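Asks: Predicted model follows, preceded by the sequence.
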Amino acid sequence: MERAELFEIYDDTEVTVWDGAAWVDPAPLCRARGQGAVVLTAWNPGWERPDRATNDASNERLKGDLADSGLDVWPAIGASQHEDHAEPGFLVWGMAADHGCAIARRFGQFAIYVYGSDGARATVDCA
């Protein structure tokens, strides 16, 4: 698989966040809050495909780093539209894309999702 193909998969991913009561699309929440957000994961960095225990441990380290940011962090899931793959991660309210990419790179990630305050989502290449 080439990088362009991987980014097509990223673009087709459905993101949901836990709002405390249900898994929901973050776009309407961004519009309602008038605030943007970044979605990150530590699962499956780059071309690697570690086992679940390794991915979970990486995500726990990411969760700790995000908690230290002082920003509002919510659980998130990025899932294939075909429901054959899902990765847990985190939505961080008010985080700038460059800060999100810096964190993503520390965890070996190629990209993050960035939501604008209007709910528009972009896949941002962190290379």
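Replies: Arrived safely, thanks for sending.
Asks: Tell me who's in contact with D25.
Replies: D25 sits next to 15-17 when contact means Cβ atoms under 8 Å, 6 or more residues apart in numbering. Glycine gets a C-beta too; all of them are placed from N, C-alpha and C.
Asks: For it, give its distance to D65.
Replies: 25 Å (Cβ to Cβ, to the nearest Å).
Asks: what helices or strands is the top helix by length along the chain leaning on?
Replies: Counting residues, the longest helix found in the chain (DSSP state H) is helix 52-67. On a contact count with 3 or more Cβ pairs under 8 Å, 6 or more residues apart in numbering; DSSP states H and E, helix 52-67 meets strand 73-79, strand 86-93, helix 97-106.
Asks: Determine which of these approaches P50 most closely.
Replies: strand 86-93 (11.6 Å; Cβ to Cβ).
Asks: Could you single out the most deeply buried of the helices and strands packed on helix 52-67?
Replies: Highest mean neighbour count among the helices and strands packed on helix 52-67 (mean count of other Cβ atoms under 10 Å): strand 86-93, with a mean of 20.
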